[in-house]
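Give me a model of this one.
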Amino acid sequence: MKHRHRSRFGSSRSASVKHFELPNKIHGDPPFDLKPPDAAGPSACTYTSDNVKVARISGSRLTITGDGIARITAAWRDIHTDEQRAAIATLTVLPHPGWLRHAGLIWLRPDDRARDWDSAQAYCRGLFGGDAGWRLPTAAELCSFFSSPAYRASDWPAHYYWTSSQGRNGHHRVVSAADAEVCENDNDGLLFYVAPVRINPVQTWPWNQLGPVPHEAECATWELVID
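This is a model prediction of the structure:
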């Protein structure tokens with residue numbers, strides 16, 4: 001009688017790699033729980049992301065941190081053969097539709113809530129999981145943006161907006177969107193609107209002498225470009 005020997009976890013036999021699907025997401029979508037691939041059956045999965053600038057994973061909880069592409073790997077031990085197996089999904093995160101781009105920066109459409117300066121700063125820093133680089137703009141950045149074709153072609157509200165620039169009195173200046181004018185402010189407890197801003201990341205792929213390296217596409221880096 002022939003005996004079938006099972007390959008143990010950690011043996012020289014290569015693990016079986018399959019694929020599973022993840023829907024496209026938009027930067028700003030809430031965190032979600034990953035579901036095990038069908039091939040995993042009842043086995044418990046561990047998950048990893050190869051691009052934490054797009055997706056971070058804690059347990060089975062995935063948090064989107066930016067737009068771009070990340071490869072998500074689900075790994076498990078087969079309960080029948082005791083082999084380690086894996087499945088890979090490509091997660092594509094699209095830019096938020098409320099963004100405008102100007103002068104190498106991304107501008108997030110303001111919500112309908114006015115805030116004092118401390119709350120405005122905290123709001124920016126906490127956006128999209130709190131690790132995406134959002135901040136209050138400087139007065140010069142806001143003036144340039146409100147004078148730009150991108151802003152003039154938009155339907156953004158013409159409010160007064162907070163800046164990170166301190167005035168002569170130690171309080172923070174505001175800018176009028178209607179005429180792109182800087183205004184002194186003598187009370188950071190007043191309520192104005194917020195236009196969060198961050199560096200504009202553009203995904204670039206590794207290159208060799210012949211051009212982009214397709215199999216390394218998941219190892220994208222990020223660079224700042226000026227529009």
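
Over to the residue nearest to the spatial centre of the chain. Which of the three states is it?
Centroid-nearest residue in the chain, with CA atoms, centre = their mean: G66, separated by 1.4 Å. Here G66 takes the coil state, with states given by DSSP: H, G, I helix; E, B strand; the rest coil.

pretty sure it is touching H27, no?
Yes - judged on CB atoms under 8 Å, G66 makes contact with H27 at a distance of 6.1 Å. For glycine as for every other residue, the C-beta is placed from the backbone atoms N, C-alpha and C.

what does the domain assignment say about this protein?
16-94, 99-199 (automatic domain parsing).

Show the end-to-end separation of the last one, please.
What that stands for is domain 99-199. 12 Å (CA to CA, to the nearest Å).

tell me the mean pLDDT over it?
The pLDDT scores in domain 99-199 average 92.

wait, what's in contact with S148?
By CB atoms under 8 Å, 6 or more residues apart in numbering, the residues touching S148 are H102, A103.

Over to it: give its phi and psi.
Main-chain dihedrals, S148, degrees, to the nearest 10: phi -90, psi 160.

Against A55, how distant is N24?
N24 sits 12 Å away from A55, taking CB to CB, to the nearest Å as the criterion.

Let me see the mean pLDDT of stretch 45-61.
94.

can you give me the helices for the protein?
117-125, 139-146, 149-152 (DSSP state H).

elements contacting the longest one?
I take that to be helix 117-125. Applying 3 or more CB pairs under 8 Å, 6 or more residues apart in numbering; DSSP states H and E, we find helix 117-125 packed against strand 160-166.

Between N24 and A55, which is the more surrounded one?
Set N24 next to A55 and count neighbours by other CB atoms under 10 Å: A55 wins out with 26 against 10.

does that one have beta-bridge partners, and which?
I64 (DSSP bridges).

Noted, bye for now.
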